[in-house]
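Engineer: just a sequence and a predicted model for now, questions to come.
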Amino acid sequence: MNKLETSFAGLKLKNPLIVSSSGLTNSVERNKRWEEAGAAAVVLKSLFEEQIMMESARMQKSNGYGEENEYLMTYYRGHCLNEYIELLRGTKEQCSIPVIASINCYSDAEWTDFAHTLEEAGADAIELNIMAIQSEIDYDYGSFEQRHIDILRKVKAVVDIPVIVKLGSRFTNCIPLIDQLYANGVAAVVLFNRMASPDIQINTMTYTTGEVLGNPSDISEVIRWIGLASARIPSLNLIASGGVGDGAALVKVILAGAQAAEVCSTLYRHGASQVQSMLYFMESWMEEHGYESIVQFKGRMNATGMEDETVFERTQFFKYFSQKEPY
Ligand SMILES: Cc1cc2nc3c(=O)[nH]c(=O)nc-3n(C[C@H](O)[C@H](O)[C@H](O)COP(=O)(O)O)c2cc1C
């Protein structure tokens, strides 16, 4: 038996390393290379609801309004989608690992029909990457959380394949939301997506994009919330994303309660050889600790059996600051 085997969202995985949605998975050739490198699944780059809507609006401005423009908008959506379907079909033809389509969305508008087309094109599952900044002064608390449920319901109404939801990390408490997603039939929840952030160039006084790639320290928030969520909602599949940068990090998120990890930044930095090196580390670690399979240690360090759950809820560095001398 393959020691590293795991599963999530009803899909069998030969190991817990999934290549995360990004430019890493934006071509059939790349996806084939990830499979050859040993990855267990790929999540295709996201099809952006926002991008489609923005492009449509731009066309609206430059073409005026009217029937002709409506035709163009429909054409544009179809065109964008066709490219994506080619990527999906091509990857399915070339790879035998599960292929997950991804949609970045923030509303439950007409794009939800796309989900059905993706299912027909052979997607093994759909990942909904729901991310938007809530900054309105009259923001109605809870409405963004509710939008997640509405989107999930709408997509689930048009597909039979597993629907996964990938969350952003900016929630006061994501546990009730995850619980609601579970109650509404989500197949797995991914914690967390990485948000593009702004930065300021002080010489030109312009806005630029902040650091694009993630860092190993990002894993702390992932461990915290996977550790809590896997204890509170034990039968839900959770996937870690964020800061899983080496083999030890992969072991950590499984100990916290994840079924698998979606890995991105470290693959941008180190390339395909990082897949084998992470898996090799994990297998050696399992051997050293006498584990024959992933289920034997998955969630072993989640909040369930912890004598002191405050380890997950600690927000201040009391001990650290009392012992650390400033220079
Ligand atoms: C350059 C880049 C592009 C990304 N594009 C997407 C995307 O299209 N869809 C998505 O769901 N996540 C996207 N992400 C987020 C990653 O899939 C991943 O969730 C995040 O980077 C955290 O994992 P990491 O710490 O291993 O990078 C992107 C991340 C990066 C760095």
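Structural biologist: Arrived safely. Residues are numbered from 1 along each chain as shown.
Engineer: low-confidence stretches in the stretch 101-250 of the chain?
Structural biologist: Across the stretch 101-250 of the chain, nothing is flagged by pLDDT under 70.
Engineer: contacts only, for whatever residue of it ends up closest to the ligand.
Structural biologist: The ligand sits closest to residue 214 of the stretch 101-250 of the chain, with a gap of 3.1 Å, by CB to the nearest ligand atom. Placement of C-beta: from N, CA and C, glycine included. Contacts for residue 214 were tallied using CB atoms under 8 Å, 6 or more residues apart in numbering; they are 194, 242-243, 245, 264-265.
Engineer: for those residues, give me JSON lines that also has neighbour count.
Structural biologist: Formatted as JSON lines, the entries for those read as follows, by neighbours: other CB atoms under 10 Å:
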{"residue": "194", "neighbour count": "20"}
{"residue": "242", "neighbour count": "31"}
{"residue": "243", "neighbour count": "26"}
{"residue": "245", "neighbour count": "24"}
{"residue": "264", "neighbour count": "26"}
{"residue": "265", "neighbour count": "22"}
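Engineer: restrict those to those near the ligand?
Structural biologist: Among these, the residues that sit close to the ligand (CB under 6 Å from any ligand atom) are 194, 242-243, 264-265.
Engineer: next, count neighbours for the closest residue to residue 111 other than its chain neighbours.
Structural biologist: Leaving out its chain neighbours, the residue that sits closest to residue 111 by CB to CB, 6 or more residues apart in numbering is residue 49, at 4.8 Å. Using other CB atoms under 10 Å, residue 49 has 24 neighbouring residues.
Engineer: my read: residue 49 touches residue 103, true?
Structural biologist: Yes. Counting by CB atoms under 8 Å, residue 49 touches residue 103, with 6.7 Å between them.
Engineer: shared neighbours of these two, which are they?
Structural biologist: With contacts defined as CB under 8 Å, 6+ apart, the residues adjacent to both residue 49 and residue 103 are residue 111.
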